[in-house]
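> I need the structure of the sequence given here:
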Amino acid sequence: DEIVRSVQERPEFMVSMLKIEGASPEVDAAIRTMMPVKLPASSFQIDLEAMHDLITRLDAVAEARLVIRDGGTLDVNVTERVPAILWRHQTGIEMLDDEGHRVATLLDRGARPDLPLIAGRGAEKYVPEALDILAAATPILPRARGVVRVGERRWDIVLDRGQRIMLPQDNPVLA
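Have a look, this model is predicted:
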């Protein structure tokens, strides 16, 4: 055991620095907080696969690549999910990517006025369809308040002045 430890703790096997690229300050801080190994540590003690799995469990992370470089640096390259839409549900507002995967929770709708809003039971499962409807409705978007899933089967476009465009269940984008 002593011989193994003396080899593993040689300077050329030690990782002393963590370099995170492609992450927002919030995701960077989350990754640093959740690191299972405190640096400096031997590269033999670092399980890159387990760390990868841990990092990609973060909702905001779409992809992560981890590599131990010469000189004792652990490089973590992160690709974050891009928020595409807001989903209002019973307990709050979530930012979702274009596939409907959760990115983060919002406390206030006003924090992201640039993102369209969807609501209704099951709406998060049909984000691509909602985005297609919004793209087709470009001429009326200045009046649109959001898109609501009705009865878990069809959409309504909610306009200002209390108006609604009730889309059919079949081919709502065409309608």
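> tell me the buried residues in the helix or strand hosting residue 127?
Assigned by DSSP states H and E, residue 127 belongs to helix 127-136. Neighbour-count burial for helix 127-136, counted by 16 or more other Cβ atoms under 10 Å, picks out 127, 129-131, 133-134. Every C-beta, even on glycine, is put in place using the N, C-alpha and C of the backbone.
> who's in contact with it?
84-85, 87, 96-100, 116, 118, 123, 141, 144, 147, 149, 155, 157, 167, 172-174 (Cβ atoms under 8 Å, 6 or more residues apart in numbering).
> which of those residues are buried? Put it as a PyMOL command.
Command for PyMOL that selects the buried part of the contacts of helix 127-136, burial taken from 16+ other Cβ under 10 Å:
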select buried, resi 84+85+87+96+97+100+116+118+123+144+147+149+155+157+167+172
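> just the ones of the contacts of helix 127-136 in strands?
If you go by DSSP state E, the contacts of helix 127-136 have 85, 87, 96, 118, 144, 147, 149, 155, 157 in strands.
> quick check: which of those has the minimum pLDDT.
Scanning the ones in strands among the contacts of helix 127-136 for pLDDT, the low point is residue 144. It has 93.
> surely that residue meets residue 155?
No: with contacts counted by Cβ atoms under 8 Å, residue 144 stays clear of residue 155, the gap being 11.7 Å.
> now do the shared contacts for the two.
Common neighbours of residue 144 and residue 155 (Cβ under 8 Å, 6+ apart) do not exist.
> three-state assignment of residue 165?
What DSSP: H, G, I helix; E, B strand; the rest coil gives for residue 165 is strand.
> show the pLDDT at it.
On pLDDT, residue 165 comes in at 96.
> same check on residue 69?
For residue 69, pLDDT reads 89.
> look up how far residue 43 lies from it.
Noted for residue 69: a distance of 10 Å to residue 43, by Cβ to Cβ, to the nearest Å.
> the more surrounded of those two?
Using other Cβ atoms under 10 Å as the criterion, residue 69 and residue 43 rank with residue 43 on top: 14 against 11.
> ok but residue 78 is inside a helix, no?
No: applying three-state DSSP, one finds residue 78 to be strand, outside a helix.
> hey, what's it bridged with?
residue 64 (DSSP bridges).
> wait, it touches residue 22, no?
Yes: counting by Cβ under 8 Å, residue 78 does reach residue 22; the two are 4.4 Å apart.
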